[in-house]
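Participant: Give me a model of this one.
(2 chains)
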Amino acid sequence: MSELEQLRQEAEQLRDARKSCGDSTLSQITAAMDPVGRIQMRTRRTLRGHLAKIYAMHWGTDSRLLVSASQDGKLIIWDSYTTNKMGPLVPSLRSTPSPLRSSWVMTYNICPSTCWGGMLPSPAALLDDNQIITSSGDTTCALWDIETGQQTTTFGGHSGDVMSLSLAPDARSFVSGACDASIKLWDVRDSMCRQTFTGHESDINAVCFFPNGNAFTTGSDDATCRLFDLRADQELMMYSHDNIICGITSVAFSKSGRLLLAGYDDFNCNIWDAMKGDRAGVLAGHDNRVSCLGVTDDGMAVATGSWDSFLKIWN
Amino acid sequence: MDEWDLPQWKKEVDSLKYQLAYKREMSSKTIPELMKWIEDSIPEDPFLNPELMKSNPWVERGKCTIL
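Facilitator: This next block holds a predicted model:
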């Protein structure tokens, strides 16, 4: 047997050895639980102003302002209560470190303490006032020092482009979802990959941490969302339906984590009972793919952004 | 992964060994703890606690005035 073949086999055995902690399934334990019931939400606001597909949105920590980024090259900060725009921003390239310069706007984060705004290649996560984590097109993730524009750490190991990142609530680790159908958990400080999760059958487009940091959810082109347990190192649940055959673009949890919200290519957003695996509701109203969504920090509303150029606020 | 060469496979095996050393817990323990966390948090979840949604900032409370 060639050395390559030996290594391949060894890798397979090492992966299988991790299944030992899956002695219970979520479905078994939640079988006796009451279902969450029908969740119905209404569109409370429609934010109109972008001229092209919306790619990303992010709520401010005040649960009132939000920012959106569009293929039209603009970033707009909205007051979601009044729908007023705080002025469209055309990012100044002078103010961004050169390695992070991007010819089109993809992602934006609001830091209300300083009203800091930046142009970040997506996906990206703001670690603190001076550090961001981004994915590079070469299957790695990177940690950058914003002031110097230098890359301080590289996270390598995926075998496909990284499509999505989510920072843990304690900011000590993050998960990355990639086109190799796996998700990796990384330690920010030592840059080691601590865990790898497989199970999806296609590109993973979205990842989001569970509110207490002990689990995370994913959305994939394989038309399923899944819930993964970090402590047991196992997949816990799959959220799918025979009628759903399109990819998921974005995922988020409600404040308690009981509801999982997911945006789909079929223009809808589905609300899943995260514990029982049933669909609890639908947000229908966009005229094109839902490309991004986010729940406010206080859990009062969810915003969806779409290729139809609109954002909607629901609760 | 199919196109990986020997050094890349060595790196993958090393990474998997490192990951295997992680101290995992049984899901029969972690799942009930996850469920308990959710149960305890539901009263603070506006999507599941209608009391909290009574002060919905996106719904007008006052009556309209004719100017």
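Participant: how close does residue A:12 get to residue B:6?
Facilitator: Separation of residue A:12 from residue B:6 (Cβ to Cβ, to the nearest Å): 17 Å. For the C-beta atoms, the positions are set from N, CA and C on the backbone; glycine is no exception.
Participant: Sketch out the low-pLDDT regions of chain B for me.
Facilitator: Residue ranges of chain B with pLDDT under 70: B:62-67.
Participant: what ranges do the helices span in it?
Facilitator: Under the criterion DSSP state H, helices of chain B are mapped to B:6-20, B:27-41, B:50-53.
Participant: right, so these: which one is the most enclosed?
Facilitator: Greatest average neighbour count among these goes to helix B:27-41 (a mean of 17), per mean count of other Cβ atoms under 10 Å in any protein chain shown.
Participant: wait, does that one contact chain A?
Facilitator: Yes - for helix B:27-41, a contact with chain A is found by Cβ under 8 Å from any Cβ of the partner chain, at B:27-35, B:37-38, B:41.
Participant: Can you list the neighbours in contact with that helix?
Facilitator: For helix B:27-41, contacts defined as Cβ atoms under 8 Å, 6 or more residues apart in numbering or on different chains pick out A:21-26, A:29-30, A:33, A:210-212, A:214-215, A:229, A:231-232, A:234, A:236, A:255-258, A:274-275.
Participant: for stretch A:185-199, same thing?
Facilitator: With contact meaning Cβ under 8 Å, 6+ apart, stretch A:185-199 is reached by A:15, A:127, A:133, A:141, A:143, A:153-155, A:157, A:171-176, A:181-184, A:226, A:228, A:230, A:233, A:235, A:238, B:15-16, B:18-19, B:22.
Participant: List of residues touching the longest helix that chain A contains?
Facilitator: Using DSSP H, we find that the single longest helix of chain A is helix A:3-16. Residues outside helix A:3-16 that contact it (Cβ under 8 Å, 6+ apart) are A:1, A:196, A:198, B:5-6, B:9-10, B:12-13, B:16-17, B:19-20.
Participant: looking at this, residue A:270 is in a strand?
Facilitator: Yes - checked against DSSP: H, G, I helix; E, B strand; the rest coil, residue A:270 lies within a strand.
Participant: what's the distance between it and residue A:74?
Facilitator: In terms of Cβ to Cβ, residue A:270 sits 29 Å off from residue A:74.
Participant: What of residue A:274?
Facilitator: For residue A:274 relative to residue A:74 (Cβ to Cβ), the value is 34 Å.
Participant: the more surrounded of the two?
Facilitator: More crowded of residue A:274 and residue A:74, by other Cβ atoms under 10 Å in any protein chain shown: residue A:274, with 28 against 18.
Participant: Surely that one and residue A:260 touch.
Facilitator: Yes - counting by Cβ atoms under 8 Å, residue A:260 is a contact partner of residue A:274 at 4.4 Å.
Participant: what is in contact with these two at once?
Facilitator: Applying Cβ under 8 Å, 6+ apart, one finds that residue A:274 and residue A:260 are jointly contacted by A:217, A:227, A:239, A:253.
Participant: Next, format these as TSV and append pLDDT and distance to chain B.
Facilitator: Shown next, in TSV, are the shared contacts of residue A:274 and residue A:260 (pLDDT from 0 to 100; distance: Cβ to the nearest Cβ, whole Å):
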residue	pLDDT	distance to chain B
A:217	98	12
A:227	97	9
A:239	97	16
A:253	98	10
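Participant: And these, which is closest to residue B:54?
Facilitator: Nearest to residue B:54, judged by Cβ to Cβ, of the shared contacts of residue A:274 and residue A:260 is residue A:253 at 22.4 Å.
Participant: Quick check: closest non-adjacent residue to the residue in the stretch 51-200 of chain A positioned nearest to chain B.
Facilitator: For the stretch 51-200 of chain A and chain B, the shortest gap (Cβ to the nearest Cβ) falls at residue A:159, measuring 4.9 Å. Distances taken as Cβ to Cβ, 6 or more residues apart in numbering or on different chains place residue A:180 nearest to residue A:159, at 4.3 Å, with adjacent residues excluded.
Participant: ok, back up a step: what two of the shared contacts of residue A:274 and residue A:260 are the furthest from one another?
Facilitator: Farthest-apart pair in those is A:239 and A:253; separation 12.2 Å (Cβ to Cβ).
Participant: between those two, what contacts are shared?
Facilitator: Both residue A:239 and residue A:253 are in contact with A:260, A:274, where contact means Cβ under 8 Å, 6+ apart.
Participant: ok, back up a step: tell me the angle the longest helix of chain A makes with helix B:6-20.
Facilitator: For helix A:3-16 against helix B:6-20, the angle by axes from the mean of the first three to the mean of the last three Cα atoms, to 10 degrees is 20 degrees.
Participant: Give the rounded mean pLDDT of helix A:3-16.
Facilitator: For helix A:3-16, the mean pLDDT works out to 91.
Participant: close to chain B, is the helix or strand that comes right after it?
Facilitator: Counting by DSSP states H and E, the next helix or strand C-terminal to helix A:3-16 is helix A:26-30. Yes - contact of helix A:26-30 with chain B (Cβ under 8 Å from any Cβ) involves A:26, A:29-30.
Participant: rewinding a little: buried ones only from the contacts of stretch A:185-199, please, as a PyMOL command.
Facilitator: Buried residues within the contacts of stretch A:185-199, by 16 or more other Cβ atoms under 10 Å in any protein chain shown, are selected in PyMOL with:
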select buried, (chain A and resi 127+133+141+143+153+155+157+173+174+175+176+181+182+183+184+226+228+230+233+235) or (chain B and resi 15+16+19)
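Participant: hang on, the earlier thing: out of the residues of helix B:27-41 next to chain A, which two sit at the greatest distance?
Facilitator: B:28 and B:41 (21.7 Å).
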